[in-house]
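1. Could you look at this predicted model? Sequence included:
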Amino acid sequence: MKKWLNHTNSAVISVAVIGIFILLTLFLNSLGGFQLDLTANKQNTLSEQTLDAISNVKEDVRVLVFTVNSSSDELLNREVTDIVQEYSNRNSKLKVEQYNLESEPILAQQYGLTSSSIVLVQGDKQQIIPMIDLFSSGETEGSYLFSGEEKLTQALNSLSSDETHKVALLTGHGELGLSLATSFQSSLNQSNVETEEISLASGESVPEGTDVLAILGPQTDLTDSELKQVQTYMDNGGKLLLTLAFHENMDTEWPNIDALAAQYGVTDEHAVMVDPEQSESMGPLWSMPEFLPHTITDKLIDNNLNPVFALSIGLSAAQQDKWTVTPILQSSESSYGETNVEGLLVNETENDADADLQGPVDVGYAVSTSDGKPKAVILGATTFIQDSELTSGGNRDFILNTVNYLAEKENGVTIRPREQAGYELAYLTQSQGSGIFVIAVVIFPLLFVIAGVMLWWRRRRR
């Protein structure tokens, strides 16, 4: 009788434990997106900006995640899919679809994708986030920064925003055209910024409603009439993005372009930046200038991003009574500005302390009004905007931040990226894998079975 009661009690306790486990599972499942963040500084907790953006989604948004299956991308793919699913858990209007980029070439081509990306589609609007833009190197060795939350929240806000801006790109002087900067144009369009190429050659004025006039790397000078039209636009509240490019006769053939920059306190030194530190990795005419603190660059500095420039031009500036001129880009201390352009054309360059600019040299300025309103950004580089160079380093984020700054976009989002420790993949031989399988799947369970049988036999003998 006593043995029967013991067995009965054991059965009741077992049923009770199983029942509690089932009820607890059902309860936790009913909480939906409930998560407990035990990390330092709650770095895996979504920000209030993100929660607001998610709750403001009232119509269905397709979130298409295109990834490439490879061992090297496995960790990064998991980061992306996890955060996308986290967004979806908080609003059923966000419909997540996952695709293999290589297995769905027709669908990927529909969105113009050539690499792993996230595509957000709502009605006839869409936002594309290349995955390469979500990751950057961390502050400690082997770590990385993941800015997926910031990029996703920006994309959601752009889908729901009615705020639009317009950038006019001047043509007719050998400038960098949109045909060579399709990625730049696409990125602007996704941020609700319209682009239009214009000409002022026949006396036309800058179109009404233009937020930013962009003059990207002109190879010939503006005419007096064109300069006057640009000045009229600027006097009426316009904003200017002027990027300079290399030309062998730039010191003598650009008087009006130089005059335009000088109106805002910036002088083109007509010197090509040479950086010996980059000579082995990229070449001496390539450089990685340092970002200096400014609204345009602050987030890039936080993300440890640097631009990658080729044939950049040294600049200098003098403070103005009317304008505040702030350096935002500076070359390295080892660099110098080569003034002997003729020698440079035949691959001859040597740092002449008397004739050349000595590093560090400023290669970019932001100009604002006395009350802090943006007025112009003047850069000593242009090629970094073209398709072949836009994705290098922080180039893409830098030029987009520059346009957004000048256009005074109001829906900007600043969310500090998550820093994750680096992981290393361990590749096992077949014998090592078999050994781990036998230990984990056969030996350990067998030990528990043997221990259980011995315990049962011992109790039975009593």
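-> Yes, it's here.
2. Can you classify Lys95 by secondary structure?
-> With DSSP: H, G, I helix; E, B strand; the rest coil as the basis, Lys95 sits in strand.
3. what's around it, how many residues?
-> 12 (other C-beta atoms under 10 Å). C-beta: built from backbone N, CA, C; applies to glycine.
4. ok, it - contacts?
-> By C-beta atoms under 8 Å, 6 or more residues apart in numbering, the residues touching Lys95 are Asp60, Val61, Arg62, Val63, Ser88.
5. If Ala310 is in a bridge, with which residues?
-> Trp286 (DSSP bridges).
6. Which of the helices and strands in this protein ranks last by mean pLDDT?
-> Sorting the helices and strands of the chain by mean pLDDT, DSSP states H and E puts helix 2-30 at the bottom, at a mean of 63.
7. which helices and strands sit right next to whichever helix or strand comes after it?
-> Next along the chain after helix 2-30, taking DSSP states H and E as the criterion, comes helix 48-55. Helix 48-55 makes packing contacts with helix 74-90, helix 148-160 when contacts are defined by 3 or more C-beta pairs under 8 Å, 6 or more residues apart in numbering; DSSP states H and E.
8. Just name the most buried of those helices.
-> Mean neighbour count (mean count of other C-beta atoms under 10 Å) peaks for helix 148-160 among these, with a mean of 22.
9. and the residue nearest to the spatial centre of the chain, how far is that from Glu253?
-> The centroid of the chain falls nearest to Asp133 when counting by C-alpha atoms, centre = their mean (3.9 Å). From Asp133 over to Glu253 the distance is 37 Å, taken as C-beta to C-beta, to the nearest Å.
10. Spit out the contact partners of Pro289.
-> By C-beta under 8 Å, 6+ apart, the residues touching Pro289 are Asn306, Pro307, Phe309, Ser312, Leu329, Gln330, Ser331, Ser332, Val363, Gly364.
11. again, 6 Å this time
-> Neighbouring residues of Pro289 by C-beta atoms under 6 Å, 6 or more residues apart in numbering: Pro307, Leu329, Gln330, Ser331, Val363.
12. One more: Pro327?
-> Pro327 neighbours (C-beta under 6 Å, 6+ apart): Leu292, Asp362, Tyr365.
13. ok, what's across the strand from the last one?
-> This means Tyr365. In this structure, Tyr365 bridges to Pro327, Ile378 when assessed by DSSP bridges.
14. I figured it was touching Ala317, is that so?
-> Yes. Counting by C-beta atoms under 6 Å, Ala317 is a contact partner of Tyr365 at 5.4 Å.
15. Any figure for the gap between Ile436 and Asp354?
-> Applying C-beta to C-beta to Ile436 and Asp354 gives a distance of 68 Å.
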